[in-house]
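In: predicted coordinates and the sequence they were generated for:
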Amino acid sequence: MTSKSDLENQHMQETSIANRFIQLSEEGRMALMPFLMAGDPDLATSAKILLRLQDEGADLIELGIPYSDPLADGPVIQASAARALASGTTPLKVLEMLSDLRGKLSVPVILFTYSNPMLSRGIEQFFEEAASAGASGLVVPDLPLEEAERLSPMAAINGLDLVLLVAPTTPKERMVRISEASMGFTYLVSVTGVTGERSNLEDRVQLLIKKLKGSCSLPVAVGFGISGPEQIRKVRSWGADGAIIGSALVKRIFQASPGCEVEEAGVFCRTLREAAS
């Protein structure tokens with residue numbers, strides 16, 4: 001009889017996220033992971049942007065599900081979520097949009113959501129529906145570690161990596177537990193605070209990357225505060241396995257002329273890809 005730990009180990013070896021990081025490591029490249037808010041300006045445009053990001057070299061894509069109380073998000077992504085909600089975007093519509101891209105979208109997609117939308121749907125049902133739509137993983141920033149440790153095996157059984165976050169203020173002992181419970185990769189928050197563009201990354205991020213990589217075998221991706229090629233090159237030189245870019249891309253999409261959102265996203269992604277290669 002196959003044990004739960006055997007199922008988890010098998011899942012860790014076979015997930016598309018794990019395989020993508022293995023492939024990138026063999027190629028000597030860092031993962032580029034842009035963040036996109038689904039439904040801003042509308043879901044049809046979001047679908048086109050997802051495909052364009054893939055074409056321009058995104059290795060994984062973080063897809064935000066808009067929520068009315070986004071505690072971890074800064075003003076740019078908060079405003080983006082508000083616009084998406086105003087356009088009628090719901091979690092189910094996001095999953096339907098993602099499902100419609102099956103066969104076209106081959107890069108792993110990690111859904112960025114909060115606990116309440118999952119609870120209102122039912123955790124198990126949400127996991128099943130997310131996996132069925134083609135998602136490869138989940139980031140849930142307000143999910144406590146203790147709950148994540150309980151839910152990670154449930155996500156794994158559904159073929160999803162539950163990716164956990166480590167902050168600069170996380171104590172070392174808890175950092176180890178988070179690294180052990182996370183699947184796919186560990187998400188290192190580069191700043192104390194919410195998402196948003198920063199002109200400089202603190203040098204302590206280099207030490208945090210080293211600590212994380214010394215405490216677990218998972219890849220480490222850095223997010224919150226990466227706004228362009230310079231920061232990508234810096235975290236790569238510090239040993240990061242991936243870079244997550246959110247607010248900078250979301251702002252460019254919003255500021256693009258109507259009808260030019262896809263092109264703007266593509267041009268920016270191409271610039272980031274060159275820095276990450």
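Out: Sure thing, it's come through.

In: and residue 36, what element?
Out: Assignment of secondary structure by DSSP states H and E places residue 36 within strand 31-37.

In: so what touches that strand?
Out: For strand 31-37, the external contacting residues (C-beta atoms under 8 Å, 6 or more residues apart in numbering) are 20-21, 24, 46, 49-50, 53, 57-64, 66, 77, 80-81, 84, 110, 112, 219, 221, 223, 232, 241-246, 249-250, 253, 265, 269, 272-273, 276. In this view, the C-beta of every residue, glycine as well, is placed from N, C-alpha and C.

In: stretch 246-263: how far from the chain's middle?
Out: In this view, stretch 246-263 has its centroid 19 Å away from the chain centroid, taken as C-alpha atoms, centre = their mean, to the nearest Å.

In: and if you look at stretch 86-95?
Out: 18 Å.

In: picking that back up, looking at the contacts of strand 31-37, which are in strands?
Out: Assigned to strands by DSSP state E, the following of the contacts of strand 31-37 qualify: 61, 62, 63, 64, 110, 112, 221, 223, 242, 243, 244, 245.

In: from what I can see the fourth one touches residue 83, true?
Out: No. Using C-beta atoms under 8 Å, residue 64 is not in contact with residue 83, being 11.7 Å away.

In: quick one, which of those two is more surrounded?
Out: Regarding residue 64 and residue 83, a neighbour count based on other C-beta atoms under 10 Å identifies residue 64 as having more, with 27 against 18.

In: so what's that one up against?
Out: 35, 36, 37, 38, 77, 80, 81, 111, 112, 113, 246.

In: closest to residue 257 out of the residues you listed?
Out: Comparing the contacts of residue 64 against residue 257 with C-beta to C-beta places residue 80 closest, at 17.2 Å.

In: roughly how far apart are residue 187 and residue 170?
Out: Distance of residue 187 to residue 170, computed by C-beta to C-beta, to the nearest Å: 11 Å.

In: I am finished for the moment; much appreciated.
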